[in-house]
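Participant: Got a sequence here, can you build the structure:
(3 chains)
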Amino acid sequence: MAELPQDLLSGRLGAALFRAWDSDIAYSFRHSPVTVAAAAMTLLIFCGAAFAPWVAPHDPFDLATVSLMDARNPPVWLAGGSWEFPLGTDNLGRDILSTILYGSRLSLVVGFASIVFAMLLGVSLGLISGYLGGFVDALIMRIAEVQLSFPAILVALLVDGIMRGIVPREFQDQLAEYVLILAIGLSFWVQYARTVRGSTMVEKSKEYVQAARVIGRHPGAIMLRHVLPNVMGPVLVIATINLALAIITEATLSFLGVGVPPTEPSLGTLIRVGNDFLFSGEWWISVFPGVVLVLLVLSVNLLGDWLRDALNPKLR
Amino acid sequence: MIAFVLRRLLQSISVMLVVGLIAFSLFRFVGDPINNMVGQDTGDKDRAVLRQELGLDDPFVIQFAHFAENAVRGEFGMSYRQGRKVSTLIAERLPATLELSLVAALLALVVGVPLGVYTGLNRDSALSKLILALSLVGVSLPTFLIGILLILVFSVELGWLPAFGRGDVVHLGWWSTGLLTRSGLRALIMPAVTLGLFQMTLIIRLVRAEMLEVLRTDYIKFARARGLPNRLINFGHALKNTLVPVITITGLQLGSIIAFSIITEQVFQWPGMGLLFIQAVAFVDIPVMAAYLVLIAFFFVVINLVVDLLYYAVDPRLRADRAVAGGHGG
Amino acid sequence: MAAISNRPPLLEVEHLRVQFPTRRGTLTAVDDVSFEIGEGEVLGVVGESGAGKSITGSAIIGLIEPPGRIAGGRILFEGERIDDLPYEKLRRIRGKRIGTIFQDPLTSLNPLYSIGRQLVETILTHTELTQAQARRRAIDLLAEVGIPSPAQRVDHYPHQFSGGMRQRVVVALALCANPRLVIADEPTTALDVSIQAQIIALLKKLCREHGTAVMLITHDMGVIAETADRVAVMYAGRVVEVGPLREVVKRPRHPYTVGLMGSIPKLEGERSRLVQIDGSMPRLDRIPAGCAFHPRCPQAFARCERERPELMSDGLARAACWLYAPLARTGSDG
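Facilitator: Sure thing, here's the model as predicted:
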């Protein structure tokens, strides 16, 4: 491709960089403005969340700086708004922009952690199920089937409810984040397990596995080395699309009031809080966190869509 | 045919057993049922008597059998929080949820399938791209946010539609319906749109993907080579083949609408089972949680069975007596 | 062969060029292809996969998969230009005047429709028959292609037939409006060897009876040798040799054809040594300059690398090879 002067990139690193730049995936990325915009938006929200303590104009958790005097201020462009709180304040006088930055931090952490958890669980169960077959396989797949017939949100609610029954009340707020991760993670493992199981069963029937057995090596270890690279693509696509779902699920659970406590709000909690003030005209308390949530989920979805198409040569 | 139905029935029963086991485990292992029933000042002796009476000292299998027996009769005991029979609570709330879910599902199907077919057939038209872009936004919009935005626009700003509740209902026997009154219908609009929108976008994308897949097949190419008119190819050959997977997945989606209504009911304070369940989760009201779980599973199983039968009606390969004649090709 | 009659040939393809735009430049899958098919004639089009045979066939019926497109040349059917017809007009020709048979009978039939329904809808599309007449015609057709007890089988679904039987149904579908030309794209490749011969025999018999011309696309020189009146050999998107079957078989001109002939095992034992062509056909984006075959050609010389040869007459056949250039034999050492 002519856009990049090839002679500038000398040496091995240069060649590798050029190859990456010239690959089909990179090409489809560069030639899809929507995907580039989605990536930029995701990056922006990621950075905003990661550097929230430095970029946020206020610390919404520092009770010393929060004053009820500032409660329910409108955004700067409406009458009564000020630059001190560019997007207005909530019912406790916290700066909306700052709570959004901190809130997306929590949303992203919970989203990522639960997806990693789901991925580890699903990939392991898929490998076990596909490799062992028989009763174990039947059991795991039956559980997967039952779970698949329930929407993730219901499974997550149920896990959350159970944890509430088990965890003593005084620890509940502290553990809320971990409970969320567990609940969401447990509701998303099935897809990974199914994909990996299928791939494992295909590999298992191949000759090299039999050959490994003949020369006395453990076939499981060899298969792992062959199965994992094969399923990386699909697993990555599922993970990206599920990240969007996990963020939505977290927001939904928090909105329903069974997620993180309002003292440490995520985007969903912020929307829930704002919902109570909708009728008194303070729409900004829930609308701005909602906009950020939608932008984040939309961007991640767009990236997932692009990744799926780019990795699936049939659709190209 | 009978063998097929029987096999599916057995599968359904096994699914119900698994769900029943989970629901039962809730009772047994989450919190102490006795604690939930009596006050702080009840002595250990009284508790032991109560345990005995409730059969909590019986072996696990026997307890589960009791639970299953009661569950089949629709008995899940008393709500910890409201002190009323769970079956009564559910029966009161069931019509509201079912009406909402059915209207939402209908909306999703009636709008989603034609749009999916259109975007599949005209994949490069500007309108298709617009529909697809909007559907992606739809998938990315959390249900509760759609509800909030609708309320903000149509209730708070414009004041056209009620923001919460079910409006006036008419009782037909034990069933209460909001479909027969003006205020009931008006109250239904926003919740149904909220609940149906997400499923609709899923259906659009699914139908489109399947349509594109089918249009690439050899038999469609052959149908074109035979000179069949496009109308016949697109809405006959292609659409019918698209329906097979679409029926399955939409069936599952419709089932999940009932469960998804939890969120919509919370936003619009719709007096259905979902609202009941969410309150039960918040207060760890185990009998209500268990009953809801079993009921939802039951709906899923029934929907799955119906889907299988539909499948059977559409696809001759399942119907076949498997008598392949002329096997040697000569 | 040009002087057999004064009437124009049934199908004339002139300088056909089909291109596929891709992100790494435009690929030319069919490059300057010309040939004709007379009334009732069987033209065998032979070549390796990727030589452009099937795309030529699709171009004739106007069904090239996008983004591919006809970039040049003309296609005339019964003296009338059809490559620039609007979709709807060409549709009325497809199935009615030009029938098509595809490679895989297992996937060519819609699994959800009975074969009777697929026959009847095709018959109703192209004729004025009533529903009942069309059904009767469908049953007759099934009998004609050798389906036993057609009156019952007409209501069966594709999965209830074996591969060979399904291909017979496909043949019936291609012939149901009595087309003048049938394009048979690898009609037997997906079938068992024993069934291949039956299908070829059936196709041959039916076309002879109805006076239907056939464009038989295959990579199997053996099938061509049994069936065709004339042969066109394609390589890398071009016709490299064309001529009457006997001529080409007896004395192949182009070195590539020589290699292809070598790949049919001969029964007469004398020259049983199989000639093998080294290397493989170039990818569409790597077609060499000059004659596309020169890197693999045992007889290549300097001119082959520089200039692309056109078809040149040599007796009754024509070959695109500098060996047959009028000047080649005197000018350089062939």
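Participant: State the pLDDT value of residue C:19.
Facilitator: Per-residue pLDDT puts residue C:19 at 91.
Participant: now it, what's its secondary structure?
Facilitator: strand (DSSP: H, G, I helix; E, B strand; the rest coil).
Participant: Any idea what it is bridged to?
Facilitator: Beta bridges link residue C:19 to residue C:28, residue C:69, judged by DSSP bridges.
Participant: for the residue in the stretch 1-150 of chain B positioned nearest to chain C, phi and psi?
Facilitator: In the stretch 1-150 of chain B, the residue that lies nearest chain C is residue B:124 (9.1 Å; CB to the nearest CB). For glycine as for every other residue, the C-beta is placed from the backbone atoms N, C-alpha and C. Note on residue B:124: its backbone torsions stand at phi -100, psi 0 [degrees, to the nearest 10].
Participant: residues touching the spatially most central residue of chain B, list them.
Facilitator: Using CA atoms, centre = their mean, the residue of chain B that lies closest to the mean C-alpha position is residue B:255, 2.1 Å off. Counting by CB atoms under 8 Å, 6 or more residues apart in numbering or on different chains, residue B:255 touches A:149, B:299-300, B:303-304.
Participant: Run through the chain and note the low-pLDDT ranges.
Facilitator: As the question left the chain open, I've gone with chain A. Along chain A, segments meeting pLDDT under 70 span A:1-24, A:62-72, A:76, A:80-81, A:149, A:219-220, A:262, A:312-316.
Participant: ah, no, chain C please
Facilitator: Those would be C:1-7, C:263-277, C:327-334, if you go by pLDDT under 70 across chain C.
Participant: Where does the residue nearest to the centre of chain B fall, secondary structure wise?
Facilitator: For residue B:255, the enclosing helix or strand under DSSP states H and E is helix B:239-268.
Participant: All the strands of chain B, residue numbers only.
Facilitator: B:170-172, B:175-177 (DSSP state E).
Participant: looking at these, which is closest to residue A:105?
Facilitator: With CB to CB as the criterion, residue A:105 lies closest to strand B:175-177 of those, at 45.0 Å.
Participant: sorry, back to before: which of the contacts of residue B:255 fall within helices?
Facilitator: B:299-300, B:303-304 (DSSP state H).
Participant: could these be laid out in TSV, adding neighbour count and distance to chain C?
Facilitator: What follows is the ones in helices among the contacts of residue B:255, written out as TSV (neighbours: other CB atoms under 10 Å in any protein chain shown; distance: CB to the nearest CB, whole Å):
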residue	neighbour count	distance to chain C
B:299	20	29
B:300	25	27
B:303	19	23
B:304	20	22
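Participant: And the residue in the stretch 51-200 of chain B positioned nearest to chain A, how far from residue B:267?
Facilitator: Using CB to the nearest CB, the closest approach of the stretch 51-200 of chain B to chain A is made by residue B:140 at 3.9 Å. As judged by CB to CB, to the nearest Å, residue B:140 and residue B:267 stand 18 Å apart.
Participant: Tell me where the stretch 201-330 of chain B is predicted with low confidence.
Facilitator: B:318-330.
Participant: please redo it, this time with the cut-off set to 80
Facilitator: When residues are selected by pLDDT under 80, those of the stretch 201-330 of chain B lie in B:244-256, B:259, B:282-284, B:304, B:307-330.
Participant: Can you check the pLDDT for the residue of the stretch 1-150 of chain B closest to chain C?
Facilitator: 82.
Participant: ok, how many other residues are close to it?
Facilitator: 7 (other CB atoms under 10 Å in any protein chain shown).
Participant: does chain C sit close to stretch B:226-246?
Facilitator: Yes - applying CB under 8 Å from any CB of the partner chain, one finds stretch B:226-246 touching chain C at B:226-230, B:232, B:236-237, B:240-241, B:244.
Participant: mind giving me TSV with these and columns for neighbour count?
Facilitator: Shown next, in TSV, are those (neighbours: other CB atoms under 10 Å in any protein chain shown):
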residue	neighbour count
B:226	27
B:227	23
B:228	24
B:229	14
B:230	14
B:232	16
B:236	18
B:237	24
B:240	16
B:241	24
B:244	18
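Participant: Nearest residue to the residue of chain C found nearest chain A in space, please, no chain neighbours.
Facilitator: Going by CB to the nearest CB, chain A is nearest to residue C:23 of chain C, at 6.5 Å. Spatial nearest neighbour of residue C:23, chain neighbours left out: residue A:27 (6.5 Å); criterion: CB to CB, 6 or more residues apart in numbering or on different chains.
Participant: packing partners for the strand or helix carrying that neighbour?
Facilitator: Using DSSP H and E, residue A:27 sits in helix A:24-30. In this structure, helix A:24-30 packs against helix A:33-50, helix A:284-311, with contacts taken as 3 or more CB pairs under 8 Å, 6 or more residues apart in numbering or on different chains; DSSP states H and E.
Participant: what's the most buried one of the ones you listed?
Facilitator: helix A:284-311 (a mean of 22; mean count of other CB atoms under 10 Å in any protein chain shown).
Participant: hang on, residue C:239 in a helix?
Facilitator: No - assigned with three-state DSSP, residue C:239 falls outside any helix and is strand.
Participant: ok, what's across the strand from it?
Facilitator: residue C:234.
Participant: Just the local confidence number for the closest residue to residue B:60 other than its chain neighbours, please.
Facilitator: Ranked by CB to CB, 6+ apart and with sequence neighbours excluded, the top spatial neighbour of residue B:60 is residue B:28, at 7.8 Å. If you check residue B:28, the pLDDT there is 70.
Participant: next one: stretch B:286-303 to chain centre, how far?
Facilitator: 11 Å (CA atoms, centre = their mean, to the nearest Å).
Participant: Could you confirm whether it reaches chain A?
Facilitator: Yes - using CB under 8 Å from any CB, we find that stretch B:286-303 touches chain A at B:286, B:289, B:293, B:296-297, B:300-301.
Participant: Throw these into JSON lines and include distance to residue C:119, thanks.
Facilitator: Listed next are the residues of stretch B:286-303 next to chain A as JSON lines, based on distance: CB to CB, whole Å:
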{"residue": "B:286", "distance to residue C:119": "63"}
{"residue": "B:289", "distance to residue C:119": "58"}
{"residue": "B:293", "distance to residue C:119": "52"}
{"residue": "B:296", "distance to residue C:119": "48"}
{"residue": "B:297", "distance to residue C:119": "47"}
{"residue": "B:300", "distance to residue C:119": "42"}
{"residue": "B:301", "distance to residue C:119": "41"}
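Participant: I'd like to know which of these are buried.
Facilitator: B:286, B:289, B:293, B:296-297, B:300-301 (16 or more other CB atoms under 10 Å in any protein chain shown).
Participant: quick one: which of these sit in helices?
Facilitator: Per DSSP H, those map to helices at B:286, B:289, B:293, B:296-297, B:300-301.
Participant: Pick out whichever of those sits closest to chain A.
Facilitator: Out of these, the member with the shortest distance to chain A (by CB to the nearest CB) is residue B:300, at 4.5 Å.
Participant: Contact partners for the closest one?
Facilitator: Taking CB under 8 Å, 6+ apart, we find residue B:300 in contact with A:149-150, B:15, B:252, B:255.
Participant: Thanks a lot, catch you later.
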